[in-house]
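Enquirer: can you look at this prediction? I've put the sequence above it.
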Amino acid sequence: MVNFLIFGPPGSGKGTQSVRLAEKFNLLHLSTGDMLRAEIAAGTELGKRMSAIMAKGELVPDEVVIEMIASKIDGAKGYAGFLYDGFPRTVAQAVALEKMLNQRGMKIDCMLVLEVDRDELVKRLVLRAEQSGRPDDKDPAVIDNRIEVYREKTEPIISYFKEKGIYQPVNGVGEIEDIFHRLSDIVVKYLN
Ligand code: AP5
């Protein structure tokens with residue numbers, strides 16, 4: 001099983017590209033954001049507790065998402081690999097994921113990093129706010145906070161993985177299809 005991280009700030013296209021990559025390469029798409037939104041939609045106790053944190057653009061506690069990921073990995077069968085979207089988001093989550101994979105005889109093989117400038121991110125999220133019901137897209141101050149939280153808490157993971165030689169930067173600006181080809185060209189090398 002090959003383990004890919006898809007990484008980048010809010011609005012960089014992680015979700016958009018993950019769906020396509022998962023389908024093309026038979027990967028299990030694991031989005032902690034989607035899992036948390038599913039908890040909220042289902043009205044679970046966990047969802048209720050997490051929704052206030054997410055609405056502010058802050059990160060939910062590490063242990064919540066680590067547990068969610070572990071249960072998904074253990075239940076997965078028949079995939080060529082895993083694609084983690086929006087996880088890990090702190091160095092502590094990165095360390096926990098590595099440990100979890102090592103215990104199961106795997107490792108993180110590749111970190112795909114979508115590079116998109118701030119103006120483009122804000123433009124995309126403001127546009128999505130008009131179309132989607134995501135509460136964290138509606139308030140520009142929350143969008144700013146999400147980008148700030150990314151810079152402060154999530155971006156340090158890049159240096160952590162650069163040292164391990166798995167860092168693969170990808171230009172995330174342009175047509176969705178072109179970006180998909182850039183990503184696919186990298187992914188295919190790990191699967192052959
Ligand atoms: P999460 O769901 O992970 O959201 P995010 O990181 O804020 O990312 P987005 O979904 O906004 O952006 P994306 O990069 O996936 O881009 P997308 O493809 O959607 O997390 C939400 C919240 O959950 C967090 O704030 C946190 O509270 C919590 N959370 C989740 N995981 C957590 C974790 N591990 N630890 C702690 N807390 C966690 O694209 C964005 C828009 O741009 C779309 O409208 C799309 O159509 C458009 N678009 C995409 N590509 C292009 C392109 N090339 N050109 C033009 N438009 C484009």
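Expert: That came through fine.
Enquirer: for the chain, what lies in contact range of the ligand?
Expert: 8, 10-16, 32-33, 36, 53-54, 57-60, 65, 86-87, 89, 93, 124, 128, 136, 146, 174, 176, 179 (CB under 6 Å from any ligand atom). The way it works is simple: take the backbone N, C-alpha and C, and place the C-beta from them, glycine included.
Enquirer: what's the burial count for residue 79?
Expert: By other CB atoms under 10 Å, 15 other residues sit near residue 79.
Enquirer: mind checking the SS state of the nearest residue to it once chain neighbours are set aside?
Expert: Of all residues not flanking residue 79 in the chain, residue 28 sits nearest, at 4.5 Å (CB to CB, 6 or more residues apart in numbering). Assigned by DSSP: H, G, I helix; E, B strand; the rest coil, the conformation of residue 28 is strand.
Enquirer: swap in residue 6?
Expert: Under three-state DSSP, residue 6 comes out as strand.
Enquirer: one more: residue 169?
Expert: Residue 169 ends up strand, using three-state DSSP.
Enquirer: can you check the one 4 residues further on too?
Expert: Secondary structure assignment for residue 173 (three-state DSSP): coil.
Enquirer: separate out the buried members of the residues of the chain next to the ligand.
Expert: Buried positions within those, assessed by neighbour count (16 or more other CB atoms under 10 Å), are 8, 10-14, 16, 32-33, 36, 54, 57, 59-60, 65, 86-87, 89, 93, 124, 136, 146, 179.
Enquirer: which parts of stretch 27-38 are buried?
Expert: Quick answer for stretch 27-38 (16+ other CB under 10 Å): 27, 28, 29, 30, 31, 32, 33, 35, 36, 37.
Enquirer: lowest-scoring secondary structure element of the protein by mean pLDDT?
Expert: helix 135-138 (a mean of 90; mean pLDDT, DSSP states H and E).
Enquirer: what's the following helix or strand after it?
Expert: The element immediately downstream of helix 135-138 (helix or strand, assigned by DSSP states H and E) is helix 140-149.
Enquirer: list the helices and strands that next one packs on?
Expert: Under the contact definition 3 or more CB pairs under 8 Å, 6 or more residues apart in numbering; DSSP states H and E, helix 140-149 sits against helix 118-131, helix 135-138.
Enquirer: and that helix, how far out from the chain middle?
Expert: Distance of helix 140-149 from the chain centroid (CA atoms, centre = their mean, to the nearest Å) equals 16 Å.
Enquirer: including distance to residue 43, could the helices and strands packed on helix 140-149 go into TSV?
Expert: Formatted as TSV, the helices and strands packed on helix 140-149 follow (distance: least, CB to CB, whole Å):
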stretch	distance to residue 43
helix 118-131	23
helix 135-138	15
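Enquirer: which one of the ones you listed is the most hemmed in?
Expert: helix 135-138 (a mean of 18; mean count of other CB atoms under 10 Å).
Enquirer: pretty sure residue 64 contacts residue 50?
Expert: Yes. Counting by CB atoms under 8 Å, residue 50 is a contact partner of residue 64 at 6.9 Å.
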